[in-house]
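Peer 1: below is the sequence, then the predicted model.
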Amino acid sequence: MDLFLQLTFAGLAIGSIYSCVALAVVMIYQATDHFNFAQGEMAMFSTYIAWTLVGLGAPVWLAFLLAVGLSFLAGVAIERVIVKPVENAPVLNQIIVFIGLLVIFNAVAGWIWEFTIKPFPSLFPADLGFKSTLIGPHHIGVIALTLGVLALVFAFFRFTRVGLAMRAAAANPDSARLVGVSVGWMLALGWGLAAAIGAVGGILVAPIVFLEPNMMAGVLLYGFAGALLGGVSSPGGAVLGGLVVGVLENWVGQYVPGGSELKLTFALILIVGVLVFKPAGLFGRVVVRRV
Amino acid sequence: MAFLEVRALEAYYRQTQALFGVDFRLDEGSITAILGANGAGKTTTLRAICRMVRTDGEVVFDGQDLSGLSTERVVRLGIAHVPEGRGTFVRQSVEENLVLGAYTRKDKAGIAADMESVYGYFPRLGDRRRQQAGTLSGGEQQMLAIGRALMLRPKLMLLDEPSFGLAPLIVQEIYEIMARIREREGTSMLLVEQNASLALAFADHAYLLETGKVVMGGESELLRNDENIRRIYLGY
């Protein structure tokens, strides 16, 4: 029973990181109708920024906050400079731009920081004042911090004027312009937020998977699986999907014979399964197009 | 100079020209209607004023040239567009739609007061303020679109076929409310309608568009009594 609980708690911790990535992906998807394949590599790059700041002597929390802030600005800049010029281009062009971003971030990170694996410090103290055999201190911190961040993001969208304008701009750009919303800047803001949320995920997952340019490949895949499972049209669903995927991943690894080798396969099976049997996901809306 | 002055306005959808030199004017506080058949360029004229299509020519509103401005900037000058198809934010609540209408304003108290006055004009919206706007009926969504425009406290309202696809009784109700709005707020309105008799009864002035050009204009009374208009657009 202890093992089962340990697996579940660890799954929730890693799952909450998938939730961050899933939410970032869904935010971009709602505004542009495409998956940002570079979301993981952007988060990886942010994590390297934090690592560099720590190396320069910054306290790890300060490095975390600075890296998240810089990621926000970088996200805005990427939308303005790279994504905006292709926003009316055919689908394939946009996807190629996203994949290009992925390759560029990966290569540049390898060039600057090399491909060797680096340890990354946890944001949380090793001693939280109590001991549990069921869940480690980093995992407790991860769950608390991500849930806090996600709650903030939802409150922002739900209760602020700019949050409402961002939702309006994503849902109906023409009408949003007609009430005076600068749709272009709202999209850029969305990219900034997505990059910042991704950075949180990257910095939290780095102590678990270690820092290297390819560290987000698996995480992004699980994030996609979570987003699809919950429904790409439902931010709340995507967060829940991320948590479910994290827990299921751990269960599969332990209880399915040979499962520890099949974790990534499981994510792919989930993605294909959802797309085939329930494309809208558990909480998504079925999109009906008039023809 | 007139409140809104449109001169030699041309509009293009990619390579296709839709307006070929439209001229008209609108006086402050007045209601002007643009009539015409399907495809005459009525909707395009409104979209051109709001800079939602590529244009050439001159649009001067309240002494300011609108060419070169973005749609958002035009809106901030006080032009509220009630678009074709109503432009409802379907997943947002009725109240959120109205809040969005006041997006450019900062005066919280004024916004709250205007929201109550919109619910006063349209009690049905008040009953449904927490409801998702996409679940409203067509008539209610039209009311919401007008209410959203009012939230801007506009100097000029552009109304694109408020009667479109609605039952005659609902149309009558909406036009009665629009007349009340005009009476109380004194808002200038530029109205596009296919239903010529309805528009001519409501507006002070009217212009007739044919294939992207103004072919006739004047007081509504004058157009109503014109032999050709009566035969072709009023049908009696």
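Peer 2: Structure's in. What do you need?
Peer 1: so which residues of the stretch 101-250 of chain A form helices?
Peer 2: A:137-159, A:161-171, A:173-178, A:183-209, A:216-230, A:235-255 (DSSP state H, counting those that start in this stretch).
Peer 1: with respect to burial, which of these scores highest?
Peer 2: Ranked by mean neighbour count, the helices of the stretch 101-250 of chain A are led by helix A:216-230 with a mean of 27 (mean count of other Cβ atoms under 10 Å in any protein chain shown). Backbone N, C-alpha and C define where each C-beta goes, glycine included.
Peer 1: and that helix, C-alpha only, in CSV?
Peer 2: The C-alpha atoms that make up helix A:216-230 are tabulated as CSV, following Å, rounded to 0.1, in the frame of the first residue of the first chain:
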residue,chain,number,x,y,z
MET,A,216,11.9,18.4,-22.0
ALA,A,217,11.3,16.0,-24.9
GLY,A,218,9.6,13.4,-22.7
VAL,A,219,7.9,16.1,-20.6
LEU,A,220,6.4,17.8,-23.6
LEU,A,221,5.1,14.5,-24.9
TYR,A,222,3.4,13.8,-21.5
GLY,A,223,2.1,17.4,-21.6
PHE,A,224,0.6,16.9,-25.0
ALA,A,225,-1.0,13.6,-23.8
GLY,A,226,-2.4,15.5,-20.8
ALA,A,227,-3.7,18.3,-22.9
LEU,A,228,-5.4,16.0,-25.4
LEU,A,229,-6.8,13.8,-22.6
GLY,A,230,-8.4,16.8,-20.9
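Peer 1: average pLDDT across it?
Peer 2: For helix A:216-230, mean pLDDT is 94.
Peer 1: with stretch A:114-121 instead?
Peer 2: pLDDT averaged over stretch A:114-121 gives 93.
Peer 1: do the same with stretch A:130-140
Peer 2: 87.
Peer 1: and for stretch B:131-144?
Peer 2: The model assigns stretch B:131-144 a mean pLDDT of 94.
Peer 1: one more: stretch B:221-232?
Peer 2: 84.
Peer 1: so who does residue A:268 touch?
Peer 2: Taking Cβ atoms under 8 Å, 6 or more residues apart in numbering or on different chains, we find residue A:268 in contact with A:221, A:225.
Peer 1: tell me which element it falls in.
Peer 2: helix A:263-277 (DSSP states H and E).
Peer 1: tell me which parts of chain B are close to chain A?
Peer 2: B:50, B:52, B:70-72, B:75-76, B:80-81, B:83, B:87-92, B:96, B:99-101, B:103-104, B:148, B:152 (Cβ under 8 Å from any Cβ of the partner chain).
Peer 1: now the buried members of the residues you listed.
Peer 2: B:50, B:52, B:70-72, B:75, B:80-81, B:83, B:87-92, B:96, B:99-101, B:103-104, B:148, B:152 (16 or more other Cβ atoms under 10 Å in any protein chain shown).
Peer 1: so which of those residues sit within helices?
Peer 2: B:71, B:72, B:75, B:96, B:99, B:100, B:101, B:148 (DSSP state H).
Peer 1: how about the helix holding residue A:268: buried residues?
Peer 2: Buried residues in helix A:263-277 (16+ other Cβ under 10 Å): A:263, A:266, A:267, A:270, A:271, A:274.
Peer 1: in a markdown table: these, plus distance to residue A:28 and pLDDT.
Peer 2: Below are the buried residues of helix A:263-277 laid out as a markdown table (distance: Cβ to Cβ, whole Å; pLDDT from 0 to 100):
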| residue | distance to residue A:28 | pLDDT |
| --- | --- | --- |
| A:263 | 26 | 85 |
| A:266 | 25 | 89 |
| A:267 | 20 | 89 |
| A:270 | 21 | 91 |
| A:271 | 17 | 92 |
| A:274 | 19 | 92 |
